[in-house]
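Trainee: 3D model of this:
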Amino acid sequence: MARKTARERSSASATSYMDINQLELAFINRVLDNPREKREIPDFVEIGRSKRILQIQKRNLQSTLRGMDRERAKGRLESELRSVLSSKKRLPISCFLFR
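Mentor: Next up, the predicted model:
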């Protein structure tokens, strides 16, 4: 069996594990950490404008992700979001499918 090169391994893992809830949580974390910084938020991500609403959304999303046994750690989601925004990884189509 032939060994995969580094390029083949990186292209095989080029799809992110994030779903829409994790994506929204990552954007909420960014906005709450730097409220004065103007960030571009995609149209399909629906987050509130006020700090209070963002904190409520964050708590609800964390609870939902905990129930689904999905990743919800702030650092890991931020790292994954940076990979997606820098085009190192792409979002899976399942991210946009609602169940």
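Trainee: Please, which helix or strand holds residue 23?
Mentor: Of the helices and strands defined by DSSP states H and E, residue 23 is found in helix 20-33.
Trainee: Identify the residues contacting that helix?
Mentor: 18, 39, 41, 44-47, 51, 54-55, 57-58, 61-62, 64-65, 68, 70-72, 74, 77-78, 80-81, 84, 91, 95-96, 98 (CB atoms under 8 Å, 6 or more residues apart in numbering). Just so you know, the C-beta spots here come from the backbone N, C-alpha and C atoms, and that holds for glycine as well.
Trainee: Next secondary structure after it?
Mentor: Downstream of helix 20-33, the first helix or strand assigned by DSSP H and E is helix 51-68.
Trainee: elements contacting that following helix?
Mentor: Counting contacts by 3 or more CB pairs under 8 Å, 6 or more residues apart in numbering; DSSP states H and E, helix 51-68 is packed against helix 20-33.
Trainee: Tell me the gap between the helix holding residue 23 and the middle of its chain.
Mentor: 7 Å (CA atoms, centre = their mean, to the nearest Å).
Trainee: and it, what's its mean pLDDT?
Mentor: In this model, helix 20-33 has an average pLDDT of 92.
Trainee: returning to that earlier point: show the buried residues in the contacts of helix 20-33.
Mentor: Among the contacts of helix 20-33, those scoring as buried are 18, 47, 54, 57-58, 61-62, 65, 72, 74, 77, 80-81, 84, 91, 95 (criterion: 16 or more other CB atoms under 10 Å).
Trainee: Thank you, goodbye.
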